[in-house]
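Asks: Provide a 3D model corresponding to the input given below.
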Amino acid sequence: MSEAVKKVFQHADFAIWHIPRADGYVYEAAGVAIDDGNYHDSPFEERYEDALNAACELYDIDIGSLGIPLAVVYTNALFSVYVTPEDEYCFNFAADIESVPTLTGYEQHPGKFYNSREEAIIAAFELELEQRQG
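Replies: A predicted model of the protein is given here:
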């Protein structure tokens, strides 16, 4: 397991960070970077769900709204391209409707994340063509 502090959730108002050394999670206002040296100053929770609930309560966010899909920036009959809160892009094929990336789960979305909408569209077309050709 990696010992690096990693952002595991990003919202417009706050972010949640996993702290492997402490075996838990901290949450902080959006835009505040957390690392191994400053996580002690942030609210700590042992479980991700507890950190998410506490952050939503603190920032007055309806936790139910976080399960909504990411914003679609391109769609066609084959796939959709989504933008994450960190301005990265991913795609999902229409046949995989059960794995549409959401605000709370996009980090676990299979596949790569791209720096631009166009890169994600091209990658999706290339993968679809590759799958079609077998």
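Asks: all contacts plus neighbour counts: C-alpha atoms, from now on.
Replies: Noted.
Asks: just checking, residue 28 is part of a strand?
Replies: Yes - assigned with DSSP: H, G, I helix; E, B strand; the rest coil, residue 28 falls within a strand.
Asks: show me what contacts it?
Replies: Residue 28 makes contact with 14, 15, 16, 42, 43, 55 under the criterion Cα atoms under 8 Å, 6 or more residues apart in numbering.
Asks: While we're on it, how confident is the model there?
Replies: At residue 28, the predicted lDDT confidence score is 91.
Asks: what does the helix-or-strand element of the chain with minimal mean pLDDT rub up against?
Replies: Least confident element among the helices and strands of the chain, by mean pLDDT, DSSP states H and E: strand 6-10 (a mean of 81). By Cα under 8 Å, 6+ apart, the surrounding residues in contact with strand 6-10 are 15, 16, 17, 18, 19, 30, 85, 86, 103, 104, 107.
Asks: Break this protein down into its domains, please.
Replies: 6-64, 68-133 (automatic domain parsing).
Asks: For the longest helix along the chain, which helices and strands make contact with it?
Replies: Ranked by residue count, the top helix of the chain under DSSP state H comes out as helix 117-133. Secondary-structure packing of helix 117-133 (3 or more Cα pairs under 8 Å, 6 or more residues apart in numbering; DSSP states H and E): strand 71-75, strand 79-83, strand 89-93.
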